[in-house]
Structures are given as structure tokens and as C-alpha cells.
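Visitor: One predicted model, sequence on top.
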Amino acid sequence: MRSKTKIQIRTFFVVALLMIMSPVLLFSQHDLTLYNMGQVPQRIYLNPAFIPEQQAYVGLPFLSGVHGSVAYPFTYNNVLTRGVDDSLNFEAQNFLDKVSKSSHVLLLTGFDILSVGAKIAKGRFYINFGIRERINENLYLPENLFYLLWYGNTAPQIWGQQVNIAPSVNATVYDEWSFTFAGHAVKNKLTYGATVKYLSGRMNVTTKKSEFDFYTNPNTYDLQMKSDMDVQTSGVNDISTYTDQGTSSLIFPANSGFAVDFGVNYQINDHFSVNASVLDLGFINWHSRTLEFVSHEPGKEFTYNGMSLHDFAGLFTDFSKYGTKLLDSLKHLVHIDSVYGKSYRSTLPAQFNIGGTYSPNDKNHINLLLNGISWDHHFYPALSVSYFYNWTRHVGLTVSYNIFNRQFTNVGAGISVATGPLQFYVVSDNIPGLIAYRTSNNTSVQFGINILVQGKQAKALPAEPEPTVQPSTEEPKTQ
Amino acid sequence: MRIRVFSPVSIIFIVLILVLTGCKKDFDKIKAPAWKPDLAIPLVIDNITFEQALIETGTVKNFYIDDAGDISMLYYFNDNAFRIVPSDLITLPSFPFTFDHIVTAAEQQQVSIQDLNLTPVIYTINLTESLPGTRIDKLLVKEGSMVVSMDNTFNNGGHLVLSFLNATKNGVPFSYTTGPFASGSYAETIDLSNVLFDLTATPGLTQVQVQVMLKQSSRPVANDRIQTGLNLSIGEIGRFAGYLGQHTFTPDESFVKLTVFNNAYVLGDIHFEDPQVSITMVNSIGIPLRVTITDLKATNSSSVVGMDITSYLGSNAVFSVPSPDINATVPATTTMNYTNENTGNIMDLLFNIKPDRIHYTVKTEVNPSKAGINFFSDTSSVYANLMVKLPLYGHFDHLTAQDTFAFSLNKNKEIESVNFKTFITNGLPLQARMQVYFVDKLYRVIDSLAGYNTIFIKEAPVDPVTHLPKPGMFGEKDTSFFFDRVRMESLSNAEHILVKAVLNSFDEGATNVKIRSTQALKLNFAAEVKLVKNLGAGKK
């Protein structure tokens, strides 16, 4: 099974492309504003206990939930300065300063292919079915790699020091087939929900180990290296022929997994409620088109200290070949094995939400939300304070202040508008990022179109009154 | 109401379009960034022994390294110019004889009634008739024949039987029966290869019996004639035992070409402490030999100087080469070494003229004592090799080595500067003064690595008793050479690198040193290179 043949260049290229592109287009999605945006049925994907107000809804296929986020570890003004001739100069040092402060970047995005939900049992329960395409990417870009590439190995940050220059990437593209069941309990004070998901993996890169220590001897300039790499991939090696597969293999690529979401919402009294959810507790087993890259001699130190005098004399007619020879020598020293057909398991980034809402009346809601994403041994926290105005049954407005990605200037907003059976919503966690893009390092937009069946019960079930003498057998009436 | 519904959407799309359009517009304005890495790179690590240097530069082809690691340069002469083979010692001529018979009336009468065998005739052939002093006891024919030429006057179903009375083939007595008698002339050839003549009882003499057998027939009649010419011919002897007699061989003069360090030897000087010339006789013919060196001299074709030391060899000029044992599987080898020790330091005279050729002539006498048993096979031979052995032990004075390499510094505009560093650890007992020149296509010097200076690499300290470098002690040299942009650009016209090194043993070449295979020059070259490269993205 283990092949010691040449590294699959194509796979490395694809993985490298993912790494290289990510600092340019970094996606980050905590869905902070949408979480408390009433009237939008897609909230149920953030907390299965958030039963939509509508009797039923059908998301417009492929358009019911489109997520688009852009984030950089730097702002436009950080890396580009305007010259006197209106030209723009690339400020490499600023770029590196920013990258060095934020080497971890996340992508959590996707779009809804199909989304359907409806209340059943006269509103006591709710079921939802969805098919979503999802993309997760977690990238670690060591600053020392950039110093090495841009300034060379004499950069003071790495000169004479042993530094790890190995990036790591964990990325997953998969389809999610979900079924949600939600209901009311504790006299309608408690709403609960759970979602079970069948996951069908398309592509994956999982970095189990990522260590490539690099050291330049300041006296002899010898290059010392030590690698301990283990990168597992699926569907990446032969990506150019990916669509050559049969239809069934494309839809269900034999990489199956499962995940669950749980959520609760408790109405403390007429004005206060608390909620919590945990999402994406699950995994995918990867069997199809797998290829693992693993260090041939993990942890073994090796040194490149030059070539023979005879070989060096051979370069006298073309010194530009030195780079090729150097890379060939390093590739020979850093022997990476390619292992085909080895199955493995990857986990999903788990997301946690804990929130509370103060509602002085039916129209106004003030929300606090603590959010976190746990992935690849790192925790990415976020905090959101939002205000939701339930203007009419058809129009909802929200504004939010969000802290995430170490950014404290994220002001979000959203609106949902229904006209007839159609509902359009759009929401962003950072509106200034859309407008003042030169000073912002992230922004996001999510929008979608739903077909709603409002029914007579436009709102969630109220809490049942405390029992008095005899329990009522009638259905609770909504307002 | 409808306007209020779609206004936010419109605003968002407009903002997105503006952002994307703005980005595209700005991207076009980005100046191509200049990449200015500063790279510290190792270039060369090598451990070059003196032996490797000689091999890589093609200075000397053959070496001998003894158990102690002492190196000697070897020069051979071992082609076929002087070689004695069996055909030089014995060649047998052809041996013709005839058999004639005229049919009588009585024989006609008998053959008309029944088959008739005539009385056989025996012929004796002396194989050494033309080789006085030679004795043949046994002889295996590798290539030979007997041609039977007939001229008859009748046809008959009978035939001629030729029996070789003291010969066998594959252990069986060897005879030959011709075809039926036919009228007219015709010939048959008898293949004698692998026929063994055992002449031990009558050395050199073999016998052939001829017998006529006639079938009952009306022919021949009286006066019919059988006329047969026979010719025994042994072209190549496969194996021989006997005595070959006395012979003397004096082949033409031969020489060994010396290429000691090529020009280095011409420009500088090497005093070899123990030069040696040896002549080796290799004898696989079963004959004793006496070898006399009749000529041993050196010539320097540049200075047209010669040195003949033949007369100084004295009794060493003559030596005996024994015959190998008859059952030996390897030849008998005898080597005569000529050294300062056994020639009264005459070898110094030979090499003081820096010879490029050593000439020699040998006289070889076969069976000098006129007795013994000789033997050989078809693969046997006697030949002489001359070897000149120059142990790398002596003193070296201004031994000048020079080599040229093709050179091209393309893309030098991307190089801001180069700081070239060398770390040299010298384990050889020789000091060197080096210079590297960058020259154009007409070999005019554009620049040199060390400017007006030379790079002086000190020798490893030498023990005066052993003449070897003191253990663990080396000559060390660290140097840096800086090339700025101006200097780099000037090298764009350089087409060759000329490396020159002048080697000395200590005290300007007055001290004897020994070169051993383990002594080495350890090289570490590295460079700090500042590059400037326009990455070419965006607007330039």
C-alpha cells in the first residue's frame, strides 16, 4: 500500500493552492447576526430548537441560503500604499506583520441546495429537511514561512534559529443531508430540537502532523531540516478527473459520515429567554481516492551542506541551475512517501452557541450571544450583541455588534422581507467591511429566498399558563 | 412599500459591484513588487584527496596504494610489441610423399574372382628434419591436414586405407578410408585437427601405412595404375612436448610514456625519493629463459635530453626466468626492480631530466643451458612488461597546476551582490598559492577572485621524521570575496575561469614529504547572495 515513488505533484499543487489562496480569500463565518434574526427559517441550522414562526417553508433550491464571506489577515491599507503617481505599492513588511499576528484562518461556508420545514401535530412539533453543500477550511500559515520566502533565510526572525515553517491545512467539502425534529415541552417554556445528519464527503485534506523545522548555520550556511509530516487527502490527487466519475459516485462518493446538532431554548418569563446549541458533532470516514503524504523518516534531522566540487564546477556555465539542483537535493533529503488507498477519519469543526434574549415587548428583542468554534485543537470565540426589531409579520430588522477574529469593529445588520409567499433575507456580520473595504479585513453576506406558508400561527407557541384547578384540553391559542 | 422592500437589496448589490469594480481598478495600479531576498546558501562540501585530484584532472591514470596508504603513480608498457609465441619457436613444414601401384595380370585374375587386399606400404616421416636441435615427443595438432591427390586409370568399388601408426584421435588409432577408386584425377583432404602424435618411442618420426583394397570386378585390368600424391601439413600446434632448441630474441626498442602532472611537472619540479623501474617477464611457455636488459634510457622530448643508464645496471642487467611447471595453471613471472638502492642511485639520474619516456630493449635467450623438457599449448607466450613506479615521496617545488573551465554568468542583473566565502582545511603536506581568473573569450583577464593577491593555503605541519603531516594538524584558510553589482556586471563578458595553483612542500620545496591516500583537502564554500527580482505582477 505504501508507495515510495515520486510525490504526486498534482496533489501537492492543489494542496499548495489551497494554502496560497487562503490568505487572499479567507472565509470566516460565525453566523452571529443570523442566529437571533427572527422570521428567517434558516435559523434552525444554528439552533435546532429555533422553530420557525411560519407554518411551513420551502427554500428556493440553491438560493435559500447562500453564504459569502471574505476575510483577510490584513486590510487593504495595511499592504497597499498609494504613490505620488497614483500607483500602488505592495508593503511586504506590513503584510508579514499582519500575517504574523493572525496565522490561523477559518473557512466555514456553503449554500443550501434544498431546505424544507413544517410544523406538525398542530404546531407541537416541527420537522425540517435540508440538503446543504458545505466547505470548511482551517489553515495555519506560519509567519516564518513568509519571512523565509520573502526575505530569505538571513531574515533576523529566522537567522540562526530553528523555526517551523510547515503550514497546515484542514479542509473538507461535503454534502449534508439533515433531518431536524423539534418540539415544545415544560408547558411550552422549553423548546428543544435535534438534527441528525448524513454526510457525504467530496474532498478532504487533514493535517495530522505538520512539522518542518528549518535552521541555517550562521557560520557555514548549512541548511538543517527535520520533518514530521502526515497529511491525509481524499479526492484531491486526481482532481482534474473528478467529474469523470459516474453520477452515483459524484453524489455519494463513498465517504460517509454522521453528525448531530442539539439545541434548546427556555422561556424564563415573558421577557427573558436563554438558549444554547451545539452543532456538527460528527465525523466523516474517507475511503475514496485517498492519498496520504507522510515523512519517510519522521523526526530525523538532515543537512544540506553543498555539492561536490565536481558538481559545482558543472554549474560554471549556468549558475541559474543552482536553484534546481538545490531543490532536487532538498527533495531527495526530505523524502515524503505517498501512501494510496489508506482510509481515515476526519472530524467536523464543532460549534457552540449560548445566548439570551431580553424582549420588553413582542417587537423589540435584545440579544447576547457567545459563540465558539472548536477545530484542530484551537478554539475560535466570538461575541455578539444584537437588537432585533420585529416590525411587522413580514418585515424584520436587526443590527449587531460582533467581536470575532480579534476584530472589534464589526457592526452587522440584517433584514428579512416577505411579500406574498416569498421571503427575501440578507444579513451580514460586518457591514462596514462591505463599504470601507480598504480598512476592513473581513466581511460577510448571507442571503436567501424562501417560500413561506404563514398560516394562522405566525408566531411560536406561547408558554402555557400555570395549571389551576383543571388542566385545559384545548389547544393553546396563539396571538 | 415595495420601494422600501427592495432598497436594502439594491444598496447591497450596488456596494458589492462598487467594491469589486474598485478592487479590479486598483489591482491594475499595483506596481510590480521587487523581491529582494538575502540568501545564505552552502555551495560546496568536498573532501578531495590527492589521489582524487589526480584522477579528476586526468593527470595520472594508474595508482598503487599500499597498506600504509602510500601512493605511487604507475606507468606501464604492456602491449604486444614484445611477445614470444609458440610459432616463433617451432614451425613445421609440409611433408609430401607418393604412393604408386601398377596392376599386374595376376592381380587382374584374382580381382575378377574375389576381393583383393594388396600388401600395405609404410612411410616414415621425420617431422624435425628441418629443425636441427629440436625434439618432438608429443604433438597435438590444432590445425592440420593431409591432402590425398589421386590419378587412376580405372573404376572400382575398392578404396585406399591410410593408417597413422603412432597417432590417435580422441584415444582411438587414427586412420582414413578414401572413397571408391575412380578413373581420372581427384583429391580428398583428411582433417588432422585434434590428432595426437605420440612420438616418445621414436622422437620426431611418424609413420603412415597405405593399403589398397579392390572389390571383385572386371576392372582393373593389367597395367591399370593407381597414382597417389600425399602431403602432410601441420599448420598450428595445439600442444607440444619435447625440446625446442636454443633461440635468441631481440625485439625492437619499446618505451613507456610518462605524464607526471602534465604541465605542472614541466613548470615546476618534483624530486622523487624512490623512483623505480621494473621489468616483469611473464612466461607461460615451458621453456627456461635468460633475459638481458640491453638498453634502458630516459628521454625528455622538450629539452631533447637523454640519459642512458644501461651500463650502470651491471649484473642486474641479466636475470633468469624459469619455466613454469608442466601442471601449472598460471605463468611463471619474474620481476627485476631497478631502484636507487640496487643501482647506486642511478635512478635519480634517470628522473632528474624529467623524462617523458623511458625506453627499454631486452634480449631473451631460450633454453640457455641447452637441456630440459619444453612444452607449450597454443595459448602460451612469453612477454615483458615495463613499469615505472613513482612513489609520491619527495619534495615538490613550484609544481604549477592550471586548469580552465567554461563560465557564463547569465541573469547577473538579478544579483545585487555576492559574498563568497571559503573554508579550507588542508591535510596535505603541500602549501598552495591559488588564484582564480575570470577571462573573456580571448583569455584576457577581466577580474580575479583575490584581486592582486593570491590565496595562500598553508600546508599541514610535517613531522620531520616520518615526512608525514602531524596527526590531527591541518593548514586552515578562511576567506571572503565580495562581488558588488558593478563587479558582477563586469563578469558578464567572462567566458572562462582559469584556476592556477602553485604547490610547494615546506621550505620552498626543500623538505621531503610523503603523500598518502588519506590526506585530503577539505573544502567548504558558501555564499550570501542578495537578489533583486521584479515579480512582474500588476502594472509595471
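Guide: Noted; the coordinates are in hand. Numbers count the residues shown, from 1 in each chain, chains lettered A, B, ... in the order given.

Visitor: anything in stretch B:448-455 near chain A?
Guide: No. Contact of stretch B:448-455 with chain A (CB under 8 Å from any CB of the partner chain) is absent, the minimum separation being 12.9 Å. In this view, the C-beta of every residue, glycine as well, is placed from N, C-alpha and C.

Visitor: Need the contact partners of that stretch.
Guide: B:420, B:422, B:432-438, B:477, B:479, B:481, B:502 (CB atoms under 8 Å, 6 or more residues apart in numbering or on different chains).

Visitor: change it to 7 Å
Guide: B:433-438, B:479, B:481 (CB atoms under 7 Å, 6 or more residues apart in numbering or on different chains).

Visitor: Among these, which ones are in strands?
Guide: B:433-438, B:479, B:481 (DSSP state E).

Visitor: What is the nearest of those residues to A:Ala350?
Guide: Of all these, B:Phe481 has the smallest distance to A:Ala350: 59.5 Å, by CB to CB.

Visitor: so who does the closest one touch?
Guide: B:420, B:449-450.

Visitor: go on, B:Thr202?
Guide: Neighbours of B:Thr202 in contact, by CB under 7 Å, 6+ apart: none.

Visitor: now it, what's its secondary structure?
Guide: Applying DSSP: H, G, I helix; E, B strand; the rest coil to B:Thr202 yields a three-state assignment of coil.

Visitor: now A:Asn269
Guide: Going by three-state DSSP: A:Asn269 is coil.

Visitor: residues near it, how many?
Guide: 9 (other CB atoms under 10 Å in any protein chain shown).

Visitor: cool, A:Val231 as well?
Guide: Considering only other CB under 10 Å, A:Val231 is surrounded by 24 other residues.

Visitor: which residues does it contact?
Guide: Listed by CB under 7 Å, 6+ apart, the contact set of A:Val231 reads A:205, A:207, A:292-293.

Visitor: Spatially, which two of the contacts of stretch B:448-455 are the most separated?
Guide: Greatest spatial distance in these: B:Arg433 and B:Phe438, 18.2 Å, computed using CB to CB.

Visitor: Between those two, point out the one with more neighbours.
Guide: B:Phe438 (20 against 17).

Visitor: ok, and the closest non-adjacent residue to the more buried one?
Guide: Leaving out its chain neighbours, the residue that sits closest to B:Phe438 by CB to CB, 6 or more residues apart in numbering or on different chains is B:Ala494, at 4.0 Å.

Visitor: wait, that neighbour sits on B:Lys441?
Guide: No. Applying CB atoms under 7 Å as the test, B:Ala494 and B:Lys441 come out as separate, 9.2 Å apart.

Visitor: neighbour-wise, which of those two wins?
Guide: B:Ala494 (21 against 9).

Visitor: State the distance from the more buried one to A:Pro156.
Guide: 34 Å (CB to CB, to the nearest Å).

Visitor: And for B:Ser112, the neighbour number?
Guide: 14.

Visitor: I'd guessed B:Ala520 sits against B:Ile48; true?
Guide: Yes. Under the criterion of CB under 7 Å, B:Ala520 makes contact with B:Ile48 at 6.0 Å.

Visitor: what about the residue nearest to A:Pro349 when sequence neighbours are not counted, neighbour count?
Guide: Once flanking residues are discounted, A:Pro349 sits nearest to A:Trp375: 3.5 Å by CB to CB, 6+ apart. Per other CB under 10 Å, the neighbour tally for A:Trp375 reads 20.

Visitor: do the same with B:Asp66
Guide: Using other CB under 10 Å, B:Asp66 has 11 other residues around it.

Visitor: Ok, B:Gly235 next?
Guide: 15.

Visitor: how about it, what does it touch?
Guide: B:143-144.

Visitor: Name the single longest strand found in chain A.
Guide: Chain A, longest strand under DSSP E: strand A:190-216.

Visitor: Determine the set of other helices and strands touching it.
Guide: strand A:163-164, strand A:168-185, strand A:223-234, strand A:256-267, strand A:272-286, strand A:344-347 (3 or more CB pairs under 7 Å, 6 or more residues apart in numbering or on different chains; DSSP states H and E).

Visitor: what ranges do the helices span in chain B?
Guide: Here chain B has its helices, by DSSP state H, at B:2-29, B:50-56, B:86-89, B:105-113, B:263-267, B:340-343, B:346-352, B:485-490, B:506-509.

Visitor: Those: lowest mean pLDDT?
Guide: Lowest mean pLDDT within the helices of chain B: helix B:2-29, at a mean of 48.

Visitor: where are the low-confidence patches of chain B?
Guide: Low-confidence segments of chain B (pLDDT under 70): B:1-28, B:54, B:56-61, B:78-81, B:260-267, B:411-412, B:536-540.

Visitor: Contact partners for B:Asn367?
Guide: B:244-246, B:287-288.

Visitor: residues contacting residue 386?
Guide: You didn't pick a chain, so chain A it is. Per CB under 7 Å, 6+ apart, neighbours of A:Ser386: A:33, A:36, A:367, A:398-400.

Visitor: if you could check chain B rather than the one you did, that'd help
Guide: When contacts are counted by CB under 7 Å, 6+ apart, B:Leu386 is found next to B:77, B:254, B:256, B:279, B:358, B:360.

Visitor: what bridges to the third one?
Guide: Meaning B:Val256. B:Ile358 (DSSP bridges).

Visitor: Let me see the residues that make contact with stretch B:209-228.
Guide: B:98-105, B:108, B:111-118, B:120-123, B:148-163, B:165.

Visitor: make it 6 Å
Guide: With contact meaning CB atoms under 6 Å, 6 or more residues apart in numbering or on different chains, stretch B:209-228 is reached by B:99-103, B:105, B:108, B:111, B:114-118, B:120-122, B:150-154, B:156-159, B:161-163, B:165.

Visitor: how near is B:Gln431 to B:Thr49?
Guide: 17 Å.

Visitor: Count the neighbours of the residue of chain B found nearest chain A for me.
Guide: Chain A sits closest to B:Pro37 of chain B, with a gap of 3.4 Å, by CB to the nearest CB. B:Pro37 sits with 17 neighbouring residues when counted by other CB under 10 Å.

Visitor: Fine by me, thanks again.
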